[in-house]
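**Q** Sequence and computational prediction follow.
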Amino acid sequence: MKFLKQPDIDELIQLHQSGQYALAEKKAKHLLQDFPHELILHNVLGVTLEAQKKFKEAADSFRNVLKIQPQFAEMQFNLGSALYHLDDVEGAISQYQKAIKIKPDLVVAYFNLGIAYQSQSVFNKALTAYQKVIELEPRFYEAHGNIGAIYLLQDNFDSAIESFKQSIKIIDHARGHFNLANAYRNQGHLVDAISSYRRAIEMNPNNAEFCSVLGDALWHQGEIQEANQYLRQAVLLNPDNPVANYNLATFLHDNKKFQEAYKFYKASQLKDWEERALYCLYKTKKFDIFEEELRSATRKKNTSPLLATLSTHFAKNFHKEDGYNFCKDPLHFVFHGQVDLLKDPKSNLLQSLLRDINEANISERMQGRLHNGIQSSGNLFKRSDASFKQLAKEIALLIKKYYERFSKEDSMFIKAFPKTIEFSSSWFVKMQSGGHLSSHIHEEGWISGAVYLAIPQQKKHPDEGGIELSIDGDDYPKIHDDFEKKLYLPQVGDVVFFPSSVFHRTIPFSSNEERICIAFDLKPANA
């Protein structure tokens with residue numbers, strides 16, 4: 001009768017530990033021919049296959065162990081890990097739960113269970129799993145970090161910051177500082193965010209993602225030269241990194257270096273890269289290439305505001321049929337109304353909003369299109385201030401009524417309208433004498449708009465301080481001037497919103513008063 005020798009086991013383990021996975025796999029399979037019931041051989045083969053990303057074969061090896069020993073908790077866990085990599089999340093969850101039932105103190109099983117639930121956005125169960133990890137092993141810093149990540153997704157910025165700080169307190173690690181910076185930035189604390197991004201880069205200077213996001217934050221703070229340095233460094237560190245290429249392209253785009261931006265958008269293949277690359281072609285008047293790439297893009301996407309803007313402008317400019325059915329007649333969908341609570345003399349909402357805008361600890365961000373004014377950072381409607389929350393509710397009610405009014409319209413703008421009103425971004429804009437915003441659209445929105453809290457009353461011209469909407473703007477190349485425009489003269493308490501594909505600008509005003517509004521975007525979760 002043959003027996004498995006210890007030197008063979010030692011050699012097999014040594015091959016795996018030294019990273020010689022192909023040799024370890026070969027030896028394990030050879031030994032299993034003579035010893036098909038040896039658990040250790042199936043186990044080492046499984047983890048060796050997993051290390052080579054042969055997850056299906058690894059799962060089969062772990063199943064072979066469980067046929068011999070079903071009550072092997074660690075093997076239930078290993079099988080769960082292999083299934084997770086095979087995108088069988090439900091199968092992975094089942095295996096982790098079996099492992100926990102067999103061995104209730106198996107910390108890694110709770111942790112991976114949390115990750116699996118988190119990947120499915122089942123955040124309550126993920127949080128429960130991570131809390132169990134911390135109960136069993138309080139210094140499990142990754143669990144604190146993942147809890148912070150869930151709080152960040154839920155817009156609970158204060159709790160996210162506390163969790164990230166706790167993770168860093170246990171082990172000072174670069175990813176923790178990066179996550180903390182993201183929470184600060186979402187909260188509108190741009191200076192604190194930049195400080196934490198810098199700390200992450202001090203600890204890991206060769207991380208392209210860290211450099212790119214710091215560059216983007218510096219750009220929004222107005223530190224153009226340093227932003228350019230970090231954004232380009234990110235692409236040098238990892239030329240294939242989608243985020244690095246996209247962020248650099250967007251920076252170049254904003255600084256009107258369209259030919260160079262086009263190259264980096266094409267390299268990124270990220271988010272709305274295709275329509276942004278088209279924008280660069282259109283702005284540089286490469287109309288033949290533009291038309292060819294426009295046809296390709298419109299066949300693949302039907303819910304892009306920027307693509308709609310480009311398609312509509314091109315069609316109008318060259319007297320061609322607009323084949324893109326996102327929103328062919330965008331000015332038809334403009335709404336001008338009012339927020340009743342802001343007009344109600346018994347309500348203190350207006351005063352509360354103005355006080356919170358002036359007194360809250362909200363960082364400013366630079367905006368190249370904004371002249372003689374400041375713009376806030378972060379998402380106001382996701383802050384804890386009662387005034388911003390109340391205003392968000394009032395606007396959400398108006399948007400629901402707006403949808404009911406247009407619900408029968410035949411356009412993707414209405415057909416794919418957000419089922420849940422959730423503001424993807426919101427910020428205040430304060431302007432002084434001469435203040436205005438140049439013509440632009442909100443590429444990442446669906447509906448865009450503004451609610452007005454202070455409007456200059458002393459005017460040399462009746463249009464001062466108004467908002468102009470059009471299908472032409474942003475210095476798009478034109479061969480004629482036959483583009484429709486609409487002008488609105490909002491008063492305090494008014495709200496104007498429209499498809500995000502609409503160009504809009506502010507008419508400069510001359511008085512020494514302030515013009516204050518809160519602008520916002522919302523979009524469907526899958527847009």
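**A** Received it, and whenever you're ready, just let me know what you need.

**Q** Residue 279 versus residue 450, what's the distance?
**A** Per CB to CB, to the nearest Å, residue 450 is found 23 Å from residue 279. Every C-beta, even on glycine, is put in place using the N, C-alpha and C of the backbone.

**Q** sorry, that was for residue 56
**A** From residue 56 to residue 279 the distance is 43 Å (CB to CB).

**Q** For the stretch 351-500 of the chain, just list every one of the helices.
**A** Using DSSP state H, counting those that start in this stretch, the helices of the stretch 351-500 of the chain run over residues 386-406, 412-415.

**Q** so which of these comes closest to residue 255?
**A** Nearest of the helices of the stretch 351-500 of the chain to residue 255, taken as CB to CB: helix 412-415 at 30.3 Å.

**Q** centre of the chain versus the closest one, how much separation?
**A** On the basis of CA atoms, centre = their mean, to the nearest Å, helix 412-415 sits 22 Å off its chain's mean C-alpha point.

**Q** Identify the residues contacting residue 184.
**A** For residue 184, the contacting residues are 161, 190, 192, 193, 196, by CB atoms under 8 Å, 6 or more residues apart in numbering.

**Q** again with residue 200
**A** Residue 200 neighbours (CB under 8 Å, 6+ apart): 174, 175, 177, 178, 181, 207, 210, 214.

**Q** so which of those would you say is closest to residue 150?
**A** residue 175 (15.4 Å).

**Q** on that earlier part again, what's the most distant pair in the contacts of residue 200?
**A** Spatially, the most separated pair among those is 175 and 214, at 14.0 Å (CB to CB).

**Q** neighbour count winner among the two?
**A** residue 214 (28 against 19; other CB atoms under 10 Å).

**Q** Skip the chain neighbours and tell me the closest residue to residue 146.
**A** residue 130 (5.6 Å; CB to CB, 6 or more residues apart in numbering).

**Q** Can you pull the phi/psi pair for the one you found?
**A** phi -70, psi -40 (degrees, to the nearest 10).

**Q** That one: neighbouring residues, count only.
**A** 28.

**Q** One more: residue 409?
**A** Residues near residue 409, counting by other CB under 10 Å: 15.

**Q** Quick check: can you list the domain ranges of the protein?
**A** Per the record, the chain has its domains at 6-237, 331-522, by automatic domain parsing.

**Q** With distance to residue 312 and mean pLDDT added, can I get the ones you listed in a markdown table?
**A** Converted to a markdown table, the domains of the chain look like this (distance: least, CB to CB, whole Å; pLDDT from 0 to 100):
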| stretch | distance to residue 312 | mean pLDDT |
| --- | --- | --- |
| domain 6-237 | 29 | 94 |
| domain 331-522 | 5 | 93 |
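
**Q** Distance to residue 288 for the ones you listed - can I get that in TSV?
**A** Below are the domains of the chain laid out as TSV (distance: least, CB to CB, whole Å):
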stretch	distance to residue 288
domain 6-237	29
domain 331-522	13
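
**Q** closest one to residue 275 among the ones you listed?
**A** Among the domains of the chain, domain 331-522 sits nearest to residue 275 (CB to CB), with 7.6 Å.

**Q** How about residue 55, nearest residue that isn't a chain neighbour?
**A** The shortest distance from residue 55 to any non-neighbouring residue, by CB to CB, 6+ apart, is to residue 85 (4.3 Å).

**Q** ok, now which ones touch the one you found?
**A** Residues near residue 85 by CB under 8 Å, 6+ apart: 50, 53, 55.

**Q** Report the secondary structure state of the second one.
**A** Under the three-state scheme (DSSP: H, G, I helix; E, B strand; the rest coil), residue 53 adopts coil.

**Q** Who's the closest spatial neighbour of it, skipping the chain neighbours?
**A** Closest to residue 53 by CB to CB, 6+ apart is residue 85, at 7.6 Å.

**Q** What of the first one?
**A** Distance criterion CB to CB, 6+ apart; nearest residue to residue 50, sequence neighbours excluded, is residue 58 at 4.1 Å.

**Q** elements contacting whichever strand or helix holds the one you found?
**A** Assigned by DSSP states H and E, residue 58 falls within helix 55-68. In this structure, helix 55-68 makes packing contacts with helix 39-51, helix 73-85, judged by 3 or more CB pairs under 8 Å, 6 or more residues apart in numbering; DSSP states H and E.

**Q** Return the set of buried residues in the following helix or strand past the last one.
**A** Of the helices and strands lying after helix 73-85 in sequence (DSSP H and E), the nearest is helix 89-102. Neighbour-count burial for helix 89-102 flags 89, 91, 92, 93, 94, 95, 96, 98, 99, 100, 102 (criterion: 16 or more other CB atoms under 10 Å).

**Q** Can you tell me how far the fourth one is from residue 125?
**A** Translated: residue 93. 9 Å.

**Q** Check the fifth one too.
**A** Distance of residue 94 to residue 125, given as CB to CB: 13 Å.

**Q** again, but for the second one
**A** Taking CB to CB as the measure, residue 91 and residue 125 are separated by 16 Å.

**Q** thinking again about what came up before, so which of the contacts of residue 184 comes closest to residue 244?
**A** residue 193 (18.2 Å).

**Q** Looks like the closest one contacts residue 179 (just checking).
**A** No - using CB atoms under 8 Å, residue 193 is not in contact with residue 179, being 10.9 Å away.

**Q** got the contact list for stretch 316-329?
**A** Counting by CB under 8 Å, 6+ apart, 287, 298, 302-305, 307-308, 311-312, 314-315, 333, 410-413, 471-472, 476-480, 482-483, 499, 501 sit against stretch 316-329.

**Q** List only buried entries from those residues.
**A** For the contacts of stretch 316-329, buried by 16+ other CB under 10 Å: 287, 298, 303-305, 307-308, 311-312, 314-315, 333, 411-413, 471-472, 476, 483, 499, 501.

**Q** hang on, the earlier thing: neighbours of the residue nearest to residue 50, how many?
**A** 25.

**Q** Ok, residue 206 next?
**A** Count around residue 206 with other CB under 10 Å applied: 10.

**Q** Would you mind giving the buried residues of helix 89-102 as a markdown table with distance to residue 366 added?
**A** Output for the buried residues of helix 89-102, formatted as a markdown table (distance: CB to CB, whole Å):
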| residue | distance to residue 366 |
| --- | --- |
| 89 | 41 |
| 91 | 48 |
| 92 | 45 |
| 93 | 45 |
| 94 | 50 |
| 95 | 50 |
| 96 | 46 |
| 98 | 54 |
| 99 | 51 |
| 100 | 50 |
| 102 | 56 |
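
**Q** which among those gets closest to residue 247?
**A** residue 89 (30.1 Å).

**Q** give me every residue that touches residue 487.
**A** Contacts of residue 487 by CB under 8 Å, 6+ apart are 463, 466, 467, 468, 469, 507.

**Q** One more pass at 7 Å, please.
**A** Listed by CB atoms under 7 Å, 6 or more residues apart in numbering, the contact set of residue 487 reads 463, 466, 468.

**Q** Residue 193 and residue 179: who's more crowded?
**A** The residue with more neighbours, out of residue 193 and residue 179, is residue 193; 27 against 24, by other CB under 10 Å.

**Q** in the strand or helix carrying the more buried one, what counts as buried?
**A** Using DSSP H and E, the element containing residue 193 is helix 190-203. For helix 190-203, the neighbour count (16+ other CB under 10 Å) marks 190, 192, 193, 194, 196, 197, 198, 199, 200, 201 as buried.
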